[in-house]
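**Student:** next comes the sequence, and after it the predicted model I'd like to discuss.
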Amino acid sequence: MHDLSLYLLDVLENSVRAGAGTVAVTIAADHDADTLTLAVEDDGPGLPVTPDEALDPFFTTKKEKKTGLGLSLFRQAAEAAGGGLEMGVSDELGGVAVRASMSLGNVDRPPFGDVATSIITMVATNPEVEFVVRLSDDGERLELRGSELPRRLAELVAYQEALS
């Protein structure tokens, strides 16, 4: 994976595959603090193993695969950009929480990619899941929910372009 939208898509797919009914995505930029945070929380059943085990590149819950590189590569990318990745229980939804942070201006930060399309694809292909998207850019906040996400695609795209 090369851009943040693909890492985000992988985490969203993990939540849906685990049976989450609600998935919350938070993307927050703080230019003064030079931080970018991407978080995904869900109301799924939680991790079947410890967070350290889930971040092992040789751990996967997918029967047809031998490796689970998505989270470990995401962690590696976040660390290379001066941040890190944490996993645990979602305080808000009770399932899994994955939070990556990194330096917004770090030369090694992966490009943002097409986050809007990744999110809209997940919404369109998983109508049974309630998606909540929270965007924050230097304190200005926007929250989009469920069926309004496709109608407000332009706002997602504008946010993405502001960060690129």
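**Tutor:** Thanks, I have it.
**Student:** wait, Leu93 sits on Thr22?
**Tutor:** Yes - because the distance of 5.9 Å satisfies Cβ atoms under 8 Å, Leu93 is recorded as touching Thr22. From N, CA and C alone the C-beta is placed, and that goes for glycine too.
**Student:** surely Asp108 is in a helix?
**Tutor:** No - assessed with DSSP: H, G, I helix; E, B strand; the rest coil, Asp108 is coil; it does not lie in a helix.
**Student:** how far away from the center of its chain is the helix or strand harbouring Leu149?
**Tutor:** Per DSSP states H and E: Leu149 is located in helix 148-151. In terms of Cα atoms, centre = their mean, to the nearest Å, the centre of helix 148-151 is set 18 Å apart from its chain centre.
**Student:** need the next SSE after that helix, C-terminal direction.
**Tutor:** Using DSSP H and E, the helix or strand that follows helix 148-151 in sequence is helix 153-163.
**Student:** give me the contacts around that following helix.
**Tutor:** With Cβ atoms under 8 Å, 6 or more residues apart in numbering as the test, helix 153-163 has contacts from 27, 29, 36, 104, 112, 114-116, 119-120, 133, 135, 137, 142, 144, 149.
**Student:** now it: buried residues?
**Tutor:** By neighbour count, with 16 or more other Cβ atoms under 10 Å as the criterion, the buried positions of helix 153-163 are 153, 155-156, 159-160, 163.
**Student:** kindly report the same for stretch 140-152.
**Tutor:** Buried, per 16+ other Cβ under 10 Å, within stretch 140-152: 144, 149.
**Student:** now do the helices in this protein.
**Tutor:** In the chain, the helices defined using DSSP state H lie at 4-17, 51-54, 69-80, 115-125, 148-151, 153-163.
**Student:** how far off helix 115-125 does the longest one point, in degrees?
**Tutor:** Here helix 4-17 runs at an angle of 20 degrees relative to helix 115-125 (axes from the mean of the first three to the mean of the last three Cα atoms, to 10 degrees).
**Student:** restricting to C-alpha, output helix 4-17 in CSV.
**Tutor:** Taking C-alpha atoms only, helix 4-17 is exported to CSV below (Å, rounded to 0.1, in the frame of the first residue of the first chain):
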residue,chain,number,x,y,z
LEU,A,4,-3.4,6.7,3.4
SER,A,5,-6.7,6.0,1.6
LEU,A,6,-5.7,2.4,1.0
TYR,A,7,-4.6,1.9,4.7
LEU,A,8,-8.0,3.4,5.7
LEU,A,9,-9.9,1.1,3.3
ASP,A,10,-8.1,-2.0,4.7
VAL,A,11,-9.1,-1.0,8.3
LEU,A,12,-12.7,-0.3,7.2
GLU,A,13,-12.9,-3.7,5.4
ASN,A,14,-11.6,-5.4,8.6
SER,A,15,-14.4,-3.8,10.6
VAL,A,16,-17.1,-4.8,8.2
ARG,A,17,-15.7,-8.3,7.8
